[in-house]
Structures are given as structure tokens and as C-alpha cells.
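Novice: Here is my input; please provide its structure:
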Amino acid sequence: MAKVQTVETVSINELRKIIPLIASEITPVIQSEPGCGKTSLLAMMAEDSGDKWRSPADGVNIEGDKYDYIYIDCPVKDMSDIGMTIPNHGTQTLEYYVSSLFNLNSSKPKRILADEFMKSPKLLQVIFTRLFLERMVGDKPLPSGSQIFATSNNAGDGVGDSMLAHAGNRVCIMRMAKPNVNEWLEWAGQTVTVGDKVQARVSRVIRAAVAMFPRCLASYTTGDQNDNPYIFKPSMSSLSFVSPRSLAKADVIVRNRDAIGENGTKVALAGTVGASFAADMAAFISMEKSLIDVKDIVKSPESIEMPRDISAQLMIMFQAVDVLETQDQLTKFMMFVERIPSSEVQGVFFTMMMRNTKSIRLARNNAKIAEWAKNNHELF
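Specialist: Numbering: from 1, shown residues only. As a prediction, this is how the structure comes out:
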């Protein structure tokens, strides 16, 4: 059996700090396996700078207070999308006109993401080398302080990524680590506003399933994963698999499962996260309506019946992270948590409370949480 080569990696949170520090002088090219969140780095950088962000999917780039944010979908671009040489009949010369994509009419520095750069047509890669090395679009310089970074999949993923040899020596190639379970759960549990509702990014059904089956976020690059039915592998034939991206995409299916129907939900989930994880999620979906409500638990934390199934316990804990609002509620719920036979399962609740931006304010000042942490410090 071939040995998997170990490659040094950095986390997405490390990258959101590194890129702004170096990307005005050297172009980072960020590689990872599919669906790990590389593209979201541009929005993270905007957030960290206090700039408002709107997805480039709207068809326009973003003019922030400090930077202009420019997204280039490299595989679908050609030379004319970057710039063109136009005749100047007055001088009988040719002049280079830069695409409005780069918003050079604005003097603000640019933050440019060349997404899926290594899937670009080879001729376009040649044009991008000057952008990456000299901060020039054709013959036009970018404003001082402009930052450029690129993303692509690992060359070994077998999805068409390659780079010209001379170009590789002009950039900083870094491998991004796939988010682990705790990192993904922390992100997925953060609250967002959708319409007039404040809710977690990803429903607790999906979060609980991920906590129950952590192999779903393993990486094929870390040890023997040949028998892992959930994840992307270069040798696989299925187009649907679990990734941080596909888990987030599956959320709309889970939230609308009653309207979609049982069979439609199963088929849609299988087509998003793969058949194996969709089947495992079915148990969580079917049990959600029969679970004890957290409101009832805080009324009788020491006497209410404890579910025997670990998946049910996890579902209740993720519900609690979402809905607990007062110190009294948290203290009483911790009485229930302490009755769970497994300290590792209890640890899931503690970890999510301490990493969730909403719940950490409660957890930091709660005596029961502090006592549990002291008694179980060896778990962390």
C-alpha cells in the first residue's frame, strides 16, 4: 500500500491572518481538497478589516471602506475578460484597456482573489504571472498596497489543477488544512440573520450528525481512509461527498424537509453529501420531533428521563447551545448534562458552549461550567 506523503498545512484561521500581511508583496496560492472553504477567505479578510461584505455571486465586486474586493472565477475567464489591446487611431498605436473587473477607476487598494487559479487556461496563467509578480494588469499598475492571493485544489486531487513551473517559483504555495470537527462545529453554530430570524448557520440536525460521525470530516491525506464512505478521495467515482461546503449546502434541505417530504429529502441529501451520510442523517431527522425539549429539561433537570441513545443526547445538547439564554437555565441544564454517562459526550456540550460566540458569554461566568471544566480538565 502506498504511503501517504505528509505535507505541512495551515488552518483557515491562520491564513486569514497571514494573507493580509504578505499578499501585497508575494502572492499566496492556497491549496486544499474540494469544499474546505478557501474561497470564503476573501469575505473573512473583509470582516477582519471592518469592511461590509456582499457575495460576488451578485455579479459585482465589492467596494469596501478600505479596499476594493475583487473576485476572479479563473476557469471561466479568457484574455478578453482581463483586458484587450485596442487601436488608437489618433496616434496609430495600440493601447491596453483593462477590464472593469479590476475597478481601476477607484484609487483604493485592491484585494484580489484569483479563485481556482490552477484550473485557468494556460494562456491566462501566463497573463496572471505578471499580476502575481509585479501587481500589474497588463500594462496598468494596481494601486499601492493592493493584495493578491489565489486558490486551487491539490494537484493530486485529480480535478485538473496544474501550474507552469516558472510561475510556481514566483508565488508562495501553502496547503490549507481541512477543518476538523470542532472547528467546523464552531463555525456552523455561529448565529446569522436570515430575513427577520436569528439562527445558527447550520441546523442542529446536521451539527449533531457531524459530532456523531466525525470521520465525515477526515481528510484522505491523513492516513488510510480507503474504507471511509463519506469523504472525497481522488480515486472515487461519486460526485457527492461530505465536505464543509456540502454540509452547509445541505442545510436548506434539512430546514425544508417537511415540505420536501421524506423521500425527496433523502434523495436531495444523498445528492449533496453522499448516500452514506444521508442515510446516517435520516436517524437524526426522524428522532428530532420526539426529543425532550430543553425547556422541559430545565424545569426538571435531575428527574427527567435521560435518552439512552447517544445521538439523541447530542441533538439535545446542540438544541441547548442554540436556545439557552440565562445563567439559571444553563445551571439547571448542566445538572442534566452531568447525568450523561459519557464524559466525552458531556465534553461536546462544553466545547460548543465555549466556542459559540453567543453562548460563551453565559458559559464564562457559570459556576457549574467552571466546576465541570475543573473536574474534566484531562479531556482538553
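
Novice: residue ranges of the strands in the protein, please?
Specialist: 9-10, 27-32, 62-63, 68-73, 83-88, 93-98, 110-115, 136-137, 140-141, 147-153, 171-176, 191-194, 197-200 (DSSP state E).

Novice: Nearest to residue 244, out of those?
Specialist: strand 27-32 (10.0 Å; C-beta to C-beta). Placement of C-beta: from N, CA and C, glycine included.

Novice: Which strands border the closest one, and is each parallel or antiparallel?
Specialist: Strand pairing for strand 27-32, using DSSP bridges, gives strand 147-153 (parallel), strand 171-176 (parallel).

Novice: Please identify the deepest-packed of those strands.
Specialist: strand 147-153 (a mean of 25; mean count of other C-beta atoms under 10 Å).

Novice: Need the strands paired with strand 27-32 in CSV (columns: mean pLDDT and distance to residue 309).
Specialist: Converted to CSV, those look like this (pLDDT from 0 to 100; distance: least, C-beta to C-beta, whole Å):
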stretch, mean pLDDT, distance to residue 309
strand 147-153, 94, 38
strand 171-176, 93, 36
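
Novice: Would you mind giving the domain segments of the protein?
Specialist: Taking automatic domain parsing as the reference, the chain has its domains at 9-176, 181-379.

Novice: before we move on, back to that, okay if I get the strands paired with strand 27-32 as TSV plus distance to residue 25?
Specialist: Below are the strands paired with strand 27-32 laid out as TSV (distance: least, C-beta to C-beta, whole Å):
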stretch	distance to residue 25
strand 147-153	9
strand 171-176	10
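
Novice: List the buried residues for stretch 185-199?
Specialist: 185-189 (16 or more other C-beta atoms under 10 Å).

Novice: what's the closest of those residues to residue 309?
Specialist: Once C-beta to C-beta is applied, the member of the buried residues of stretch 185-199 that ends up nearest residue 309 is residue 185, at 19.5 Å.

Novice: pretty sure that closest one contacts residue 207?
Specialist: Yes - counting by C-beta atoms under 8 Å, residue 185 sits close enough to residue 207 to count as a contact (5.8 Å).

Novice: Just the CA atoms of stretch 307-319, as CSV, please.
Specialist: Extracted in CSV, the C-alpha atoms of stretch 307-319 (Å, rounded to 0.1, in the frame of the first residue of the first chain):
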residue,chain,number,x,y,z
PRO,A,307,-32.3,9.3,26.5
ARG,A,308,-30.1,6.2,26.2
ASP,A,309,-29.2,6.9,22.5
ILE,A,310,-26.0,9.0,22.2
SER,A,311,-27.4,10.6,19.0
ALA,A,312,-30.4,11.8,21.0
GLN,A,313,-28.2,13.2,23.7
LEU,A,314,-26.1,15.1,21.1
MET,A,315,-29.2,16.5,19.5
ILE,A,316,-30.4,17.8,22.9
MET,A,317,-27.1,19.4,23.6
PHE,A,318,-27.0,21.2,20.3
GLN,A,319,-30.5,22.4,20.9
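
Novice: in the protein, which ranges drop under the pLDDT threshold?
Specialist: Residue ranges of the chain with pLDDT under 70: 1-6, 53-61, 157-160, 165-166, 380.

Novice: Farthest from the middle of it: give me that residue.
Specialist: The outermost residue of the chain relative to its centre, with distances by C-alpha atoms, centre = their mean, is residue 90 at 51.6 Å.

Novice: which phi and psi does that residue have?
Specialist: Dihedral angles of residue 90 (phi, psi; degrees, to the nearest 10) stand at phi -70, psi -40.

Novice: Tell me which residues of stretch 344-363 come out buried.
Specialist: 345-353, 355-356, 358-359, 362-363.

Novice: hmm, I was thinking of stretch 18-32
Specialist: 18-20, 23-24, 27-32.

Novice: Could I get these in JSON lines, plus columns for distance to residue 164?
Specialist: Shown next, in JSON lines, are the buried residues of stretch 18-32 (distance: C-beta to C-beta, whole Å):
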{"residue": "18", "distance to residue 164": "24"}
{"residue": "19", "distance to residue 164": "22"}
{"residue": "20", "distance to residue 164": "27"}
{"residue": "23", "distance to residue 164": "20"}
{"residue": "24", "distance to residue 164": "23"}
{"residue": "27", "distance to residue 164": "14"}
{"residue": "28", "distance to residue 164": "17"}
{"residue": "29", "distance to residue 164": "12"}
{"residue": "30", "distance to residue 164": "18"}
{"residue": "31", "distance to residue 164": "15"}
{"residue": "32", "distance to residue 164": "21"}
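
Novice: Looking at those, which is nearest residue 308?
Specialist: Nearest to residue 308 among the buried residues of stretch 18-32, with distances taken as C-beta to C-beta, is residue 32, at 38.8 Å.
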